[in-house]
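Peer 1: Pasting a predicted model and its sequence here:
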Amino acid sequence: MQSIVEFDNLTKEFGKKKALDQISLQIPKGRIIGLLGPNGSGKTTMMKLMNGLIQPSEGEVRIDGIKPGTESKKIVSYLPEKTYLNEWMKVRDIISFFGDFYADFDHYKCRELLKDLNIDINDKLKTMSKGTKEKVQLILVMSRKAQLYLLDEPIGGVDPAARDYILKTILSNYNEGASIILSTHLIGDVEKIFDDVIFLSYGTIALNGSVDEIREEKGKSIDELFREVFKC
């Protein structure tokens with residue numbers, strides 16, 4: 001199976017703290033992967049490395065065979081944990097911005113998804129709730145025809161009723177044949193969409209494999225197993 005992401009003996013240090021420690025990993029194309037771990041386990045660091053926002057201390061990461069940078073950003077659609085959109089902008093300004101920036105952005109799909117949620121393209125971000133802003137940002141990210149979607153806590157700030165819509169949006173709108181890496185600590189809500197999971201613990205991989213095989217081998221749901229592995 002062809003890989004979309006490869007980590008080769010990758011370490012990332014912040015001062016004396018190792019956020020990731022000698023990670024070697026291959027992530028195949030055409031899969032939905034749950035990147036799971038408690039706070040401080042290295043999930044966001046891994047996401048930022050894949051998106052080229054920070055550089056490894058040792059080892060390397062490759063996206064479709066190339067180091068993260070300008071070229072890889074053309075095929076990677078990234079949803080960061082914190083919103084980066086300007087509060088003064090109207091939704092239509094942001095759509096225009098994304099359209100100018102990304103050749104694979106689908107204006108029609110974006111407007112249809114916004115219509116589904118009754119979000120007016122003439123509304124300013126500063127008038128919206130935190131949850132609505134997060135939905136706008138997710139829709140923008142999922143409206144690209146990318147090869148890799150990196151979603152850092154996409155359901156963290158929304159109410160349970162909106163989670164199912166968001167998961168449906170993710171499942172029905174990503175580019176077929178692409179991979180999604182979704183970081184979350186709300187596993188019970190999302191494990192049904194995962195093909196594979198990676199458990200991160202203190203910057204190392206505690207578990208990595210197919211969801212079906214793990215469930216069969218352990219006789220537990222991913223949520224139950226997570227609670228067991230990371231119990232306080």
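Peer 2: Perfect, thanks for sending it. Numbering: from 1, shown residues only.
Peer 1: and the next element down the chain from the lowest-mean-pLDDT helix or strand in the chain?
Peer 2: Ranked by mean pLDDT, DSSP states H and E, the weakest helix or strand in the chain is helix 160-173, scoring a mean of 79. Where DSSP states H and E defines the elements, the next helix or strand beyond helix 160-173 is strand 179-184.
Peer 1: Parallel or antiparallel, which strands does that following strand pair with?
Peer 2: Counting by DSSP bridges, the strands paired with strand 179-184 are strand 32-36 (parallel), strand 148-152 (parallel).
Peer 1: the strands in the protein, which residues?
Peer 2: Listed in chain order, the strands of the chain (DSSP state E) span 3-14, 17-28, 32-36, 58-63, 76-79, 148-152, 179-184, 196-201, 204-210.
Peer 1: Quick one: closest of the ones you listed to Lys126.
Peer 2: Of all the strands of the chain, strand 76-79 sits nearest to Lys126, with 20.2 Å by C-beta to C-beta. From N, CA and C alone the C-beta is placed, and that goes for glycine too.
Peer 1: other SSEs contacting the closest one?
Peer 2: helix 130-142, strand 148-152 (3 or more C-beta pairs under 8 Å, 6 or more residues apart in numbering; DSSP states H and E).
Peer 1: closest to Asn51 out of these?
Peer 2: strand 148-152 (6.0 Å).
Peer 1: Buried residues in that closest one, which are they?
Peer 2: For strand 148-152, the neighbour count (16 or more other C-beta atoms under 10 Å) marks 148-152 as buried.
Peer 1: next one: stretch 191-206
Peer 2: So for stretch 191-206, counting by 16+ other C-beta under 10 Å, buried means 191, 194, 196-201, 203, 205.
Peer 1: pLDDT added to those, as JSON lines?
Peer 2: Shown next, in JSON lines, are the buried residues of stretch 191-206 (pLDDT from 0 to 100):
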{"residue": "Glu191", "pLDDT": "85"}
{"residue": "Phe194", "pLDDT": "92"}
{"residue": "Asp196", "pLDDT": "95"}
{"residue": "Val197", "pLDDT": "95"}
{"residue": "Ile198", "pLDDT": "94"}
{"residue": "Phe199", "pLDDT": "93"}
{"residue": "Leu200", "pLDDT": "93"}
{"residue": "Ser201", "pLDDT": "90"}
{"residue": "Gly203", "pLDDT": "92"}
{"residue": "Ile205", "pLDDT": "94"}
